[in-house]
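> Sequence and computational prediction follow.
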Amino acid sequence: MNFIKNKKNELLVLFAGCISVLAFAPFNHPYVIVLSILLLLLVINKFDNRISKWRLLGYGYLYGLAFFNMQLYWVFYSLYKVIDAGFFVSLIALVGFTAFLASYIALVIYIYVRLKTKFALVNNIILFPSLWVFLEWVRGWFLGGFSWCEIGYTQVGNSFFRGFYPVLGNYGVSYLVLSLTGAVYLVVRARALQIARSHVRLSILYCLLVFIIGALIQNNLYTSSFGRPIKVAILQGNIQGGLKWTDHTNLDVYKVLVQQAQGDLILIPETAIAQFEFNLPEGYLDNLTKIAHSKNADLILGIPKVINENNDYVNAAMLATNPKHPYYAKAHLVPYGEYIPLKWLLGPVYRGISLPMVGFSRGASYQEPLVAANQKFATNICYENGFNSELIKAASNATIMLNLSDMVWYGTTTAKDEHLQISQARALENQRYFIQATNTGMSAIIKPDGKVQAVLPVFERIILEDYVGGRIGVTPFQHYGNWLIILWVSFMLLSVIVYKLMFSRKQIYAVNNYPKN
């Protein structure tokens with residue numbers, strides 16, 4: 001009992017980090033993230049500049065490690081169970097990865113306590129959310145970026161925030177959730193902390209204002225329908241493990257599925273055709289194309305594609321029914337999965353675990369949409385759906401968004417659910433249908449309002465056939481991108497820093513000019 005009493009702050013922070021997972025998919029309890037952040041604020045608001053920096057960073061790491069490990073445990077599963085990298089290699093990879101990600105939250109807490117002002121309203125509603133979102137944004141691009149586990153994803157099913165996605169984007173929703181949580185904290189702790197009544201009233205007013213605006217804009221449309229609805233057929237082949245790279249029976253599987261499919265557009269997932277075109281059985285692609293043409297359908301398939309005489313190859317989504325075979329080439333590659341950073345150092349490790357095709361080349365940062373079934377498809381592959389600013393240009397020039405993925409590497413873990421939740425945010429930001437075609441799940445169709453229209457059961461060989469509609473128009477988020485919210489939080493942080501510097505100088509001046517006897 002003494003241990004619990006002495007370590008109650010640490011245990012509370014650890015608990016807060018652990019329960020945060022319940023706000024994300026597949027649990028989808030959006031208000032749990034509010035409780036998680038409230039508990040974190042309850043602890044860190046006790047501290048001031050006298051606390052040791054190492055202790056402060058320790059609290060941040062404790063929350064961050066719990067926050068990320070509860071969501072990203074599948075990194076270990078993928079390496080150990082699927083890739084067979086060994087127990088210790090898999091464990092070290094998970095711990096190292098989540099420790100790096102936790103450093104962002106540790107920095108948030110460290111800088112927050114160091115920059116806290118004497119105004120509780122500023123600290124909780126402006127400073128803390130601004131720091132979190134700014135570093136969440138940095139995490140999304142620094143060293144290639146990793147944009148999973150962002151706070152905004154927890155609210156894709158919350159109607160109060162639906163209207164904010166196409167205006168402020170996911171980071172904007174992250175800011176609103178965090179600032180509202182700060183306001184709730186001030187109201188809950190008002191008596192204990194003797195917070196000024198004016199600050200409490202302003203906190204309540206702020207919450208009401210956000211929810212009123214949210215209610216008013218939740219059904220706002222910035223896009224309009226284009227063309228007739230089309231029927232799409234998503235072929236979920238359910239090819240297990242790495243068999244597609246070695247067995248090649250997947251070619252027969254997809255031939256049969258194409259024969260069974262009915263629709264205006266047939267979709268085959270990421271690298272489901274796992275051989276270069278010149279290595280495929282003679283006439284294979286032509287046969288698939290003929291079958292699609294016989295149904296008056298277009299066919300987009302995932303395939304590795306050689307792009308030049310040097311035999312450089314890309315991870316492509318190719319429109320096979322167009323004689324010119326136009327394709328989208330994946331631009332944001334997975335480090336350590338699709339290309340090898342520090343190849344001179346890590347090359348021997350990769351030869352030891354025999355990962356297939358880790359030498360992909362990057363596609364261009366902007367590529368024209370694929371034109372199929374009289375619609376334009378802004379295409380992305382695998383975890384590219386997590387990088388919202390990289391998708392908006394193509395999405396604004398397209399009528400439908402499309403993602404091809406292979407989630408077999410993550411088994412029955414929650415990675416597939418988290419991936420779908422990210423796609424829901426992209427549908428909301430761009431107000432377009434978002435189609436997700438995967439090998440093992442979750443293959444789904446998401447409506448422009450972020451709601452899942454249809455989804456296939458996982459780990460079944462099955463076809464999803466349903467209708468989608470094209471949309472044209474530009475959302476405010478597509479126009480401004482993340483810059484609106486990032487400029488706001490940057491300005492707020494700069495303002496607090498300037499205030500702290502001026503306040504410090506005034507204190508020094510007052511001490512130096514204090515009358516001496």
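Received the coordinates, thanks.

> can you list the residues that contact the host helix or strand of Leu11?
For Leu11, the host element (DSSP states H and E) is helix 8-19. With Cβ atoms under 8 Å, 6 or more residues apart in numbering as the contact definition, helix 8-19 has outside contacts at 4, 32, 35-37, 39-40, 42-43, 46, 59, 62-67, 70. Backbone N, C-alpha and C define where each C-beta goes, glycine included.

> which of those residues count as buried?
Applying a neighbour-count criterion of 16 or more other Cβ atoms under 10 Å, the buried members of these are 32, 35-37, 39-40, 42-43, 59, 62-67, 70.

> Narrow those to those in helices?
Among those, the members found in helices (DSSP state H) are 32, 35-37, 39-40, 42-43, 59, 62-67, 70.

> buried sites along the helix or strand harbouring Ala215?
Following DSSP H and E, one finds Ala215 within helix 197-217. Neighbour counts over helix 197-217 (16+ other Cβ under 10 Å) mark His199, Val200, Ser203, Tyr206, Cys207, Val210, Gly214 as buried.

> Would you mind putting those into a markdown table with pLDDT and distance to Asn279 alongside?
Formatted as a markdown table, these follow (pLDDT from 0 to 100; distance: Cβ to Cβ, whole Å):
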| residue | pLDDT | distance to Asn279 |
| --- | --- | --- |
| His199 | 87 | 68 |
| Val200 | 91 | 69 |
| Ser203 | 95 | 63 |
| Tyr206 | 96 | 61 |
| Cys207 | 96 | 60 |
| Val210 | 97 | 56 |
| Gly214 | 96 | 53 |
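
> So for the helix or strand hosting Phe76, mean pLDDT?
Assigned by DSSP H and E, Phe76 belongs to helix 74-77. Per-residue pLDDT over helix 74-77 has a mean of 94.

> before we move on, what about stretch 439-447?
Mean per-residue pLDDT for stretch 439-447: 95.

> Likewise for stretch 27-42?
What stretch 27-42 shows for mean pLDDT is 97.

> Restricting to C-alpha, output that stretch in CSV.
This file holds the C-alpha atoms of stretch 27-42, laid out as CSV (Å, rounded to 0.1, in the frame of the first residue of the first chain):
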residue,chain,number,x,y,z
PHE,A,27,-13.1,-0.1,-29.5
ASN,A,28,-14.3,3.3,-30.7
HIS,A,29,-15.2,4.9,-27.4
PRO,A,30,-14.2,8.5,-28.4
TYR,A,31,-14.8,10.1,-25.0
VAL,A,32,-12.2,7.8,-23.3
ILE,A,33,-9.5,10.0,-24.8
VAL,A,34,-10.9,12.9,-22.8
LEU,A,35,-10.6,10.9,-19.6
SER,A,36,-7.1,9.8,-20.5
ILE,A,37,-5.9,13.4,-21.1
LEU,A,38,-7.8,14.7,-18.0
LEU,A,39,-5.9,12.2,-15.8
LEU,A,40,-2.6,13.3,-17.4
LEU,A,41,-3.4,17.0,-16.8
LEU,A,42,-4.3,16.2,-13.2
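
> sorry, back to before: of the buried ones among the contacts of helix 8-19, closest to Trp141?
Gly64 (18.7 Å; Cβ to Cβ).

> The closest one touches Tyr104, doesn't it?
Yes. With contact defined as Cβ atoms under 8 Å, Gly64 counts as touching Tyr104 (7.0 Å).

> Between these two, which contacts overlap?
Common neighbours of Gly64 and Tyr104, using Cβ under 8 Å, 6+ apart, do not exist here.

> returning to what we had before: and the buried residues of helix 197-217, which two are furthest apart?
Spanning the widest gap among these are His199 and Gly214, at 22.6 Å by Cβ to Cβ.

> so where's the longest strand in this protein?
Ranked by residue count and defined by DSSP state E, the top strand of the chain is strand 224-236.

> who does that strand pair up with?
Under the criterion DSSP bridges, strand 224-236 sits next to strand 265-268 (parallel), strand 462-472 (antiparallel) in its sheet.

> I'd like to know which elements the next helix or strand after the longest one is packed against.
Toward the C-terminal end, the helix or strand that comes next after strand 462-472 (DSSP H and E) is helix 476-480. With contacts defined as 3 or more Cβ pairs under 8 Å, 6 or more residues apart in numbering; DSSP states H and E, the packing partners of helix 476-480 are helix 165-188, helix 388-396, helix 415-430.

> re the thing from before, which outside residues touch the helix holding Phe76?
Contacts for helix 74-77 (Cβ under 8 Å, 6+ apart): Ser90, Leu91, Ala93, Leu94, Phe97, Thr98, Tyr410, Gly411, Thr413, Thr414, Ala415.

> May I ask which of those residues has the most neighbours?
Scoring the contacts of helix 74-77 on neighbours with other Cβ atoms under 10 Å, the highest-scoring entry is Thr98 at 24 neighbours.

> Give me the spatial nearest neighbour of it, chain neighbours excluded.
Distances taken as Cβ to Cβ, 6 or more residues apart in numbering place Phe68 nearest to Thr98, at 4.2 Å, with adjacent residues excluded.

> what sits against the one you found?
Phe68 neighbours (Cβ under 8 Å, 6+ apart): Thr98, Leu101, Ala102, Cys149.

> gap between the last one and Met70?
Cys149 is 10 Å from Met70, where distance means Cβ to Cβ, to the nearest Å.

> for the first one, same thing?
Thr98 sits 10 Å away from Met70, taking Cβ to Cβ as the criterion.

> and what of the second one?
Using Cβ to Cβ, one gets 12 Å for the distance from Leu101 to Met70.

> Distance to Asn279 for the helices and strands packed on helix 476-480 - can I get that in TSV?
Below are those laid out as TSV (distance: least, Cβ to Cβ, whole Å):
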stretch	distance to Asn279
helix 165-188	40
helix 388-396	30
helix 415-430	29
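
> Turn those into CSV, columns for mean pLDDT and distance to Gly473.
Below are these laid out as CSV (pLDDT from 0 to 100; distance: least, Cβ to Cβ, whole Å):
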stretch, mean pLDDT, distance to Gly473
helix 165-188, 97, 10
helix 388-396, 97, 8
helix 415-430, 98, 10
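
> Ile462 is nearest to which of those helices?
helix 415-430 (15.0 Å).

> Could you list the low-confidence segments of this protein?
1-6, 242-243, 245, 336-337, 339-358, 503-517 (pLDDT under 70).

> same thing but 50
Flagging of the chain using pLDDT under 50 yields the residue ranges 509, 511, 517.

> Tell me, how many residues neighbour Gly405?
Wrong residue type there; residue 405 is Ser, not Gly. Around Ser405 there are 27 residues (other Cβ under 10 Å).

> State whether Leu404 is indeed within a strand.
Yes. Checked against DSSP: H, G, I helix; E, B strand; the rest coil, Leu404 lies within a strand.

> Enumerate every residue touching it.
Leu267, Ile268, Pro269, Glu270, Ile300, Gly302, Ala317, Thr379, Ile381, Cys382, Ala437, Thr438.

> Tell me what it is bridged to.
Here Leu404, judged by DSSP bridges, has bridge partners Ile381, Ala437.

> Please tell me how far it sits from Phe100.
For Leu404, the distance to Phe100 equals 28 Å [Cβ to Cβ].

> what's the answer for Gln262, then?
On the measure of Cβ to Cβ, Gln262 and Phe100 end up 47 Å apart.

> Now do the contacts for Val187.
Val200, Ser203, Ile204.

> Surely the last one touches Val184?
No. Checked against Cβ under 8 Å, the pair Ile204 and Val184 is beyond contact range at 9.5 Å.
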